[in-house]
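> dropping a prediction and its sequence here:
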Amino acid sequence: MSEALVAGLELGGTKCLALLGRGQVICDRIVVPTTSPADTLGQLETQLRLWFQHEPFAAIGIGSFGPLALDRTRPDYGFITNTPKPGWADTEVAGRFGAAFGVPVGFETDVTAAALAEHRWGAAQGMTSSVYLTIGTGIGGGAIVNGRPLRGFLHPEMGHVRVRREAGDSFSGICPFHGDCLEGLASGPAIAARSGRRAQDIPSDDPVWRPVAGALAEIVAMLILTLSPERIAIGGGVGCGQPHLLSLIRARVATMLADYVADMDINALERIIDTPCLADQAGPLGTLALALAAIEETAGAG
């Protein structure tokens, strides 16, 4: 199954990718700017048609910015819903490409796609449950449970969880919806608003990292206690660009768990909380993983 030729689409806020691949080998890719849905999706469909005419692919995986409608029982399944990105609200995506090519389509958030790639080929291979948490311009998370993406009526929105704040942290937060949710407290723009500097320009011993690590440790401890993941891979521009941050998060998580979970000491947390193996390729490869999962789901249903 991993050798099936599949296509992937990664829809981002500023650019979109179309990929063709076998397993985790990307055979070809193009990048188009994210403008209007008609223009951007039209360019992506044109490229897929060129590839399909040369050699038909077996499925399409789509990892997209959200929010997304992922409940297959609802009429809006496969749509980007109430996104703040101008012009993209209520845009049909999965149904459009499924109808155009007549192949199975996997459709998830971009961060869930990355989580699936890490589960299939990266840091969470062979594990029952895992989480991919990205910290960058925003904060998002995808969870894999029993080998499948976790979702219900909504996909996980881990970045908008309200977390306890470090004692003395008076920063108001920048999230336009919630103020001091996790994204409002610890994303790249939040760090810049706190300090007046970009995250990459802040020394590792700067005091600003303490409340940031504290907020992130809150969500990590919560995930350990609720989803029991065997691996939490922390990626994104801030997550991968600040190696010292992982140590701070692990130490705070150990304090928060307070020996409640047996054998969950700092050594165990070093194994559980780590960086992704696939780095910045987790998202693109995640679209191929979604396509392969769609083939497997279709075969299982048949």
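Structure's in. What do you need? Residues are numbered from 1 along each chain as shown.

> so for stretch 149-159, mean pLDDT?
Taken as a whole, stretch 149-159 has a mean pLDDT of 85.

> what's in contact with that stretch?
66-68, 70-71, 108-109, 112, 115-116, 133, 138-144, 181-183, 187, 219, 223, 227 (CB atoms under 8 Å, 6 or more residues apart in numbering). Every C-beta, even on glycine, is put in place using the N, C-alpha and C of the backbone.

> any idea how the chain splits into domains?
Taking automatic domain parsing as the reference, the chain has its domains at 5-113+280-301, 124-276.

> got a markdown table for those domains, with mean neighbour count too?
Shown next, in a markdown table, are the domains of the chain (neighbours: other CB atoms under 10 Å):
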| stretch | mean neighbour count |
| --- | --- |
| domain 5-113+280-301 | 19 |
| domain 124-276 | 18 |
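
> which stretches in the stretch 101-250 of the chain count as strands?
105-109, 129-135, 139-145, 148-149, 231-235 (DSSP state E, counting those that start in this stretch).

> export those to CSV and tack on distance to Ala279?
Converted to CSV, the strands of the stretch 101-250 of the chain look like this (distance: least, CB to CB, whole Å):
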stretch, distance to Ala279
strand 105-109, 19
strand 129-135, 12
strand 139-145, 16
strand 148-149, 21
strand 231-235, 7
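
> which of those has the lowest mean pLDDT?
Minimum mean pLDDT among the strands of the stretch 101-250 of the chain: strand 148-149, a mean of 91.

> ranges for the helices of the stretch 51-200 of the chain?
In the stretch 51-200 of the chain, the helices defined using DSSP state H, counting those that start in this stretch lie at 94-101, 110-121, 182-186, 188-195.

> those helices: which one's closest to Arg231?
With respect to Arg231, and counting by CB to CB, the nearest of the helices of the stretch 51-200 of the chain is helix 110-121 at 7.8 Å.

> quick one: average confidence on the closest one?
pLDDT averaged over helix 110-121 gives 95.

> next one: it to chain centre, how far?
Its chain's C-alpha centre and that of helix 110-121 lie 7 Å apart, by CA atoms, centre = their mean, to the nearest Å.

> tell me which strands and helices that helix is in contact with?
strand 5-11, strand 60-64, strand 129-135, strand 139-145, strand 148-149, strand 231-235, helix 282-301 (3 or more CB pairs under 8 Å, 6 or more residues apart in numbering; DSSP states H and E).

> can I get the CA coordinates of the longest one in PDB?
By that I understand helix 282-301. C-alpha atoms of helix 282-301 as PDB (Å, rounded to 0.1, in the frame of the first residue of the first chain):
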ATOM      1  CA  ALA A 282       5.700  16.600   8.300                       C
ATOM      2  CA  GLY A 283       2.900  18.700   6.700                       C
ATOM      3  CA  PRO A 284       3.600  17.800   3.100                       C
ATOM      4  CA  LEU A 285       4.200  14.200   3.900                       C
ATOM      5  CA  GLY A 286       1.100  14.200   6.000                       C
ATOM      6  CA  THR A 287      -1.000  14.800   2.900                       C
ATOM      7  CA  LEU A 288       0.400  11.600   1.400                       C
ATOM      8  CA  ALA A 289      -0.300   9.800   4.600                       C
ATOM      9  CA  LEU A 290      -3.900  11.000   4.500                       C
ATOM     10  CA  ALA A 291      -4.200   9.700   0.900                       C
ATOM     11  CA  LEU A 292      -2.900   6.300   1.900                       C
ATOM     12  CA  ALA A 293      -5.200   6.200   4.900                       C
ATOM     13  CA  ALA A 294      -8.200   7.000   2.600                       C
ATOM     14  CA  ILE A 295      -7.300   4.000   0.400                       C
ATOM     15  CA  GLU A 296      -7.100   1.800   3.500                       C
ATOM     16  CA  GLU A 297     -10.400   3.100   4.800                       C
ATOM     17  CA  THR A 298     -12.100   2.500   1.400                       C
ATOM     18  CA  ALA A 299     -10.700  -1.100   1.300                       C
ATOM     19  CA  GLY A 300     -11.800  -1.800   4.800                       C
ATOM     20  CA  ALA A 301     -15.300  -0.500   4.100                       C
END
